[in-house]
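Engineer: After the sequence you'll find the predicted model.
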Amino acid sequence: MNAMIPGYPADFFGALEIVKVREKLAIDDIKALALIECAGEVFYLNVAKGLGNPEAKALLTKSGNEERGHAHRLLKAIKLLGGDFTLPEHDQNPLVASVMAEYPVNVEFMAMLVAGEKDGDLMYQRWAAAEANPEVAKIYLQNGKEETLHSERASQVIQMLGES
Ligand SMILES: [Fe+2]
Ligand SMILES: [Fe+2]
């Protein structure tokens, strides 16, 4: 399977821009979001590669692994709403192809990540508030909470960058 969701570009940040402005998620939006979360895992692992500090690397790897967990929760949400979706392997995820192999990790870059993850929590809270199915809303809130945790980890990494 290498088909992008209708209405979404095969680009990690481009797809994120689209889902970002949705007030409520339809099943196709949740599928796209699951692909974004999977690509988010690869993104974090690639960002971690650019870091020398093993502690900082570990923090970002942890966040990356949790992004995959978010995708798995979204599969449950899709099921609860009567849909069905399987996560593709990374090499079959069209969004992964647009994730760079390495990123120039500096304070500015990490500050973007801090803000982006905070935003992620707010998005999930908004989608939860608009969702009629309470179990699905709960999944969104669980994911959102962890995005804030990711934001906090990114802040920790900024401190480590300052120390090295
Ligand atoms: Fe996530
Ligand atoms: Fe995150």
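Structural biologist: Happy to help now that I have it. Residues are numbered from 1 along each chain as shown. Ligands and ions are numbered 1, 2, ... in the order given.
Engineer: C-alpha only now, for contacts and for neighbours.
Structural biologist: Fine.
Engineer: Closest to the centroid, which residue in this structure?
Structural biologist: E37 (3.6 Å; C-alpha atoms, centre = their mean).
Engineer: any idea where the helices of the chain begin and end?
Structural biologist: For the chain, applying DSSP state H gives helices covering 12-20, 27-49, 54-80, 107-130, 134-163.
Engineer: Figure out how far stretch 42-49 is from the centre of its chain.
Structural biologist: 12 Å (C-alpha atoms, centre = their mean, to the nearest Å).
Engineer: hmm, back to that, R68 is in contact with the residue nearest to the centre of the chain, correct?
Structural biologist: Yes: here E37 reaches R68: they are 6.1 Å apart, a contact under C-alpha atoms under 8 Å.
Engineer: what's the pLDDT at the residue nearest to the centre of the chain?
Structural biologist: For E37, the pLDDT comes out at 98.
Engineer: Same check on M1?
Structural biologist: Among the per-residue scores, M1 holds a pLDDT of 43.
Engineer: Kindly report the same for G162.
Structural biologist: Looking at G162, its pLDDT stands at 80.
Engineer: next one: L25
Structural biologist: On the pLDDT scale, L25 gets 98.
Engineer: Pull the number of nearby residues for the nearest residue to it once chain neighbours are set aside.
Structural biologist: With C-alpha to C-alpha, 6 or more residues apart in numbering as the measure, W127 is the residue that lies nearest to L25, at 6.5 Å, once sequence neighbours are left out. Other residues within reach of W127, judged by other C-alpha atoms under 10 Å, total 21.
Engineer: Can you convert the helices of the chain into CSV and add a column each for distance to A101?
Structural biologist: Below are the helices of the chain laid out as CSV (distance: least, C-alpha to C-alpha, whole Å):
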stretch, distance to A101
helix 12-20, 13
helix 27-49, 6
helix 54-80, 14
helix 107-130, 15
helix 134-163, 19
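Engineer: right, so those helices: which one is the most enclosed?
Structural biologist: Comparing the helices of the chain by mean neighbour count (mean count of other C-alpha atoms under 10 Å), helix 27-49 comes out on top with a mean of 23.
Engineer: how much does that one deviate in direction from helix 54-80?
Structural biologist: Note on geometry: by axes from the mean of the first three to the mean of the last three C-alpha atoms, to 10 degrees, helix 27-49 and helix 54-80 are set 170 degrees apart in direction.
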